[in-house]
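Peer 1: sequence and computational prediction follow.
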Amino acid sequence: MAHAAVTQGATAYSAGHYAIRSKFNAGLRSGSINVRPLADDERLKLVLPQACAYCGAGKPLAADHIVPRHRGGEDVGDNLIWACRSCNSSKATTDLLAWYERRACFRRCSCFAAT
């Protein structure tokens, strides 16, 4: 709530800011939102390269879930990867391999081509 207010330059909380807090608290109670220590995020920044894992673009980057959360993926370092906004929004909740196939990211392997 405070982050949204500061980002928007608000001098007082609005109904929208309280709605953000309410949704966050409901997620915590239901277990659909997990809060990790900030140290986990900082550790990821040190370990992972600072470029989109899919296209190599630089900042701005966001953490993307390799296995989408709605498919059982967790908020853990092994399931998070840096992605640019374009790739992250394009992939959305799609399975990684299905998304790669749809985008034709895999190069054809010519080593087994018929001669």
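Peer 2: Yep, that arrived.
Peer 1: use CA for all of it now, contacts and neighbours both
Peer 2: OK.
Peer 1: and the strands in the protein?
Peer 2: 61-65, 80-84 (DSSP state E).
Peer 1: how about a markdown table for these, with mean pLDDT and distance to residue 47 added?
Peer 2: Listed next are the strands of the chain as a markdown table, based on pLDDT from 0 to 100; distance: least, C-alpha to C-alpha, whole Å:
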| stretch | mean pLDDT | distance to residue 47 |
| --- | --- | --- |
| strand 61-65 | 87 | 13 |
| strand 80-84 | 86 | 11 |
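Peer 1: so of those, which one's packed in deepest?
Peer 2: strand 80-84 (a mean of 23; mean count of other C-alpha atoms under 10 Å).
Peer 1: which residue is nearest the middle of this protein?
Peer 2: residue 64 (2.6 Å; C-alpha atoms, centre = their mean).
Peer 1: specify the beta-bridge partners of that one.
Peer 2: residue 81 (DSSP bridges).
Peer 1: re the thing from before, nearest to residue 25, of the strands of the chain?
Peer 2: strand 61-65 (21.8 Å; C-alpha to C-alpha).
Peer 1: so what's the nearest residue to residue 68 once chain neighbours are set aside up against?
Peer 2: Spatially, and ignoring its direct neighbours in sequence, residue 68 is nearest to residue 93 (5.5 Å; C-alpha to C-alpha, 6 or more residues apart in numbering). With contact set as C-alpha atoms under 8 Å, 6 or more residues apart in numbering, residue 93 has these partners: 68-70.
Peer 1: which among these end up buried?
Peer 2: The neighbour count (16 or more other C-alpha atoms under 10 Å) marks residue 68 as buried among those.
Peer 1: closest to residue 83 out of the contacts of residue 93?
Peer 2: Among the contacts of residue 93, and counting by C-alpha to C-alpha, the member closest to residue 83 is residue 68, at 13.5 Å.
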